[in-house]
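In: Sharing a model prediction with you, sequence too.
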Amino acid sequence: MDLTLSPSEREFRDRLRAWLAGNNPGPDPPGDDAAFEHRRDWQRKLFDAGYAGFAWPKEYGGQGATLVEQAIFGEEMARAKAPQPVNILGLVMGGPVVIHHGTEEQKERWLRPILTADEIWCQGFSEPESGSDLASLKTRAIKSNGEWLVTGQKVWTTYARRSKWCMLVARTDPDAPKHQGLTYFIMDMEQDAVQVRPLAQITGEPEFNELFMEEARIPDENVVGGVGNGWGVAITTLMNERAGLGAASAAGVRIALGELRELADERGVADDPVVRQRIGQLTIEVELLRLNAWRGLSAIMKRGVPGPEGSLPKWQWSEVNQALTELAIDILGEDGAAWDSPWAYRFLRARANSIEGGTTEILKNIVAERVLGLPKLR
Ligand SMILES: Cc1cc2nc3c(=O)[nH]c(=O)nc-3n(C[C@H](O)[C@H](O)[C@H](O)COP(=O)(O)OP(=O)(O)OC[C@H]3O[C@@H](n4cnc5c(N)ncnc54)[C@H](O)[C@@H]3O)c2cc1C
């Protein structure tokens, strides 16, 4: 892949950079509700400027951006330290899945409110007994009088408390082999049969939730991709999640590395040989991550949809981000234990990086079997 920008790509980058300089609302204010509203306003600003769902095809409200433009977009957002748009799961996963697998009616109904952040989306895949082995999930959906009744429990459901819609995978045929008996639904969260209970993370934030369904109702027209095809649709969701995480976060850790260098200077340890060695190693890994993220993008360009190679940058990113925040805490010494230290927050939040969006062990299996073509263990 050619990594030099063409004149029109440079022009796009400069225009975006100037727009961000005038419009970036800055970091989230303290407090969960205030941060939510801040990010919602930000997404609306992005939408008005044509940058929300920027990669989506034009006919569905996006800009049909090329992959290079998307990578530039991720890099410039990270460089400007702009907050994430609030409806990140809808933009990165829900929308692309509906565009790829949905009917025209579903696209008409769901896509625009994702872009405008009027309807927030969450992802109801994981269950207490089914995370990595997602296909073993037990939540049941039974058809009755033209609609589906869903009973079961999901867990770790990010933003469920704020969401209107949930991408829900449920078992519709308990007698079929486990990957074939699943169906992908879009479930309305605003019903009494759906109960959400927040879970506090190590950072103290209630970012994710438990989700309980007792005969929750889903109309038949909210099945995406056909009954029994839920596994294939879920895989599209996960590939989009990992591809999105890899490219944008490669830029994010490069910025964080610059901040780490500043921290080492401020604390007078930039010449310490061990600190220098650890920063040197991180610099190499951040560059490798950037190149692998671009390699993933060029594979998508060839194939049209994200594939298993998105697993590599996601795995590398989680390791680099954890090592980087650990070094920051080592440099800070006892100041790193202060609850209100931004590095302490980043260090604690980074613990989840090697679990969310697929654990590192699972990603290594995917890279071994599906990218390198090594023999399967089982
Ligand atoms: C911050 C955060 C946000 C999340 N948000 C969501 C969300 O919005 N929606 C959602 O559905 N889920 C979400 N998750 C859940 C996440 O996808 C799961 O935690 C993850 O898939 C792992 O599943 P598990 O926790 O059940 O662990 P398990 O699958 O039980 O794994 C336990 C350990 O065993 C290892 N292991 C398991 N199987 C294998 C194997 N075959 N080979 C080698 N090692 C193996 C794992 O790597 C792990 O170390 C979130 C998680 C986090 C941390």
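Out: Right, received. Where do you want to start?
In: alpha carbons only for contacts and neighbour counts from here, please
Out: Will do.
In: hmm, who's touching stretch 348-359?
Out: 132, 202-203, 238, 241-242, 315, 318-319, 321-322, 325, 360 (CA atoms under 8 Å, 6 or more residues apart in numbering).
In: want to try JSON lines for the residues you listed, with pLDDT and secondary structure as columns?
Out: Output for the contacts of stretch 348-359, formatted as JSON lines (pLDDT from 0 to 100; DSSP: H, G, I helix; E, B strand; the rest coil):
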{"residue": "Ser132", "pLDDT": "94", "secondary structure": "coil"}
{"residue": "Ile202", "pLDDT": "92", "secondary structure": "coil"}
{"residue": "Thr203", "pLDDT": "89", "secondary structure": "coil"}
{"residue": "Leu238", "pLDDT": "78", "secondary structure": "helix"}
{"residue": "Glu241", "pLDDT": "66", "secondary structure": "helix"}
{"residue": "Arg242", "pLDDT": "67", "secondary structure": "helix"}
{"residue": "Trp315", "pLDDT": "91", "secondary structure": "helix"}
{"residue": "Ser318", "pLDDT": "94", "secondary structure": "helix"}
{"residue": "Glu319", "pLDDT": "96", "secondary structure": "helix"}
{"residue": "Asn321", "pLDDT": "97", "secondary structure": "helix"}
{"residue": "Gln322", "pLDDT": "98", "secondary structure": "helix"}
{"residue": "Thr325", "pLDDT": "98", "secondary structure": "helix"}
{"residue": "Thr360", "pLDDT": "95", "secondary structure": "helix"}
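In: Buried ones only from these, please, as a ChimeraX command.
Out: Burial among the contacts of stretch 348-359 is assessed by 16 or more other CA atoms under 10 Å; the matching ChimeraX selection reads:
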select :132,203,238,241,242,315,318,319,321,322,325,360
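In: Tell me the buried residues in stretch 30-37?
Out: Ala35, Phe36.
In: How far does it sit from its chain's centre?
Out: Put simply, stretch 30-37 sits 19 Å off its chain's centre (CA atoms, centre = their mean, to the nearest Å).
In: same thing with stretch 63-75?
Out: Distance, centroid of stretch 63-75 to centroid of chain: 16 Å (CA atoms, centre = their mean).
In: where's the residue in the stretch 201-350 of the chain positioned nearest to the ligand relative to Leu377, distance?
Out: Closest contact between the stretch 201-350 of the chain and the ligand, by CA to the nearest ligand atom, is at Phe208 (6.3 Å). To Leu377, Phe208 is 33 Å away according to CA to CA, to the nearest Å.
In: who's more crowded, these two?
Out: Shown here are Phe208 and Leu377; by other CA atoms under 10 Å, Phe208 has more neighbours (20 against 6).
In: Which other helices and strands does the biggest strand by length in the chain contact?
Out: Ranked by residue count under DSSP state E, the longest strand found in the chain is strand 208-219. Here strand 208-219 touches strand 147-155, strand 182-188, strand 194-199, going by 3 or more CA pairs under 8 Å, 6 or more residues apart in numbering; DSSP states H and E.
In: Run me through the strand neighbours of the shortest one, direction for each.
Out: Next to strand 194-199 in the sheet, as set by DSSP bridges, lie strand 208-219 (antiparallel).
In: Could you export the partner strand as CSV, CA atoms only?
Out: What follows is strand 208-219, C-alpha atoms only, in CSV (Å, rounded to 0.1, in the frame of the first residue of the first chain):
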residue,chain,number,x,y,z
PHE,A,208,-21.7,-1.2,30.9
ASN,A,209,-24.8,-3.0,32.2
GLU,A,210,-26.6,-6.3,32.8
LEU,A,211,-29.7,-6.8,30.6
PHE,A,212,-32.6,-8.9,31.6
MET,A,213,-35.4,-9.9,29.2
GLU,A,214,-38.6,-11.6,30.2
GLU,A,215,-40.7,-12.2,27.1
ALA,A,216,-39.5,-9.0,25.5
ARG,A,217,-41.3,-8.5,22.2
ILE,A,218,-39.7,-8.0,18.9
PRO,A,219,-41.7,-7.7,15.7
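In: remind me which residues of the stretch 1-150 of the chain are low pLDDT?
Out: Within the stretch 1-150 of the chain, the segments meeting pLDDT under 70 span 1-3.
In: and it, which residues reach the ligand?
Out: Within the stretch 1-150 of the chain, the residues that sit near the ligand (CA under 6 Å from any ligand atom) are Cys122, Gln123, Gly124, Phe125, Ser126, Ser130, Gly131, Ser132, Asp133.
In: go again using 8 Å as the cut-off
Out: Contacts of the stretch 1-150 of the chain with the ligand, taken as CA under 8 Å from any ligand atom, map to 89, 122-134.
In: The stretch 151-300 of the chain now?
Out: Residues of the stretch 151-300 of the chain lying near the ligand (CA under 8 Å from any ligand atom): Lys154, Val155, Trp156, Thr157, Thr158, Tyr159, Ala160, Gln201, Glu207, Phe208.
In: In contact with the residue of the stretch 201-350 of the chain closest to the ligand, which residues?
Out: Phe208 makes contact with Val155, Trp156, Thr157, Thr158, Tyr159, Ala160, Pro198, Leu199, Ala200, Gln201, according to CA under 8 Å, 6+ apart.
In: C-terminal to the helix or strand harbouring Leu327, what's the next element?
Out: Following DSSP states H and E, one finds Leu327 within helix 311-332. Following helix 311-332 in sequence order, the next helix or strand is helix 342-350 (DSSP H and E).
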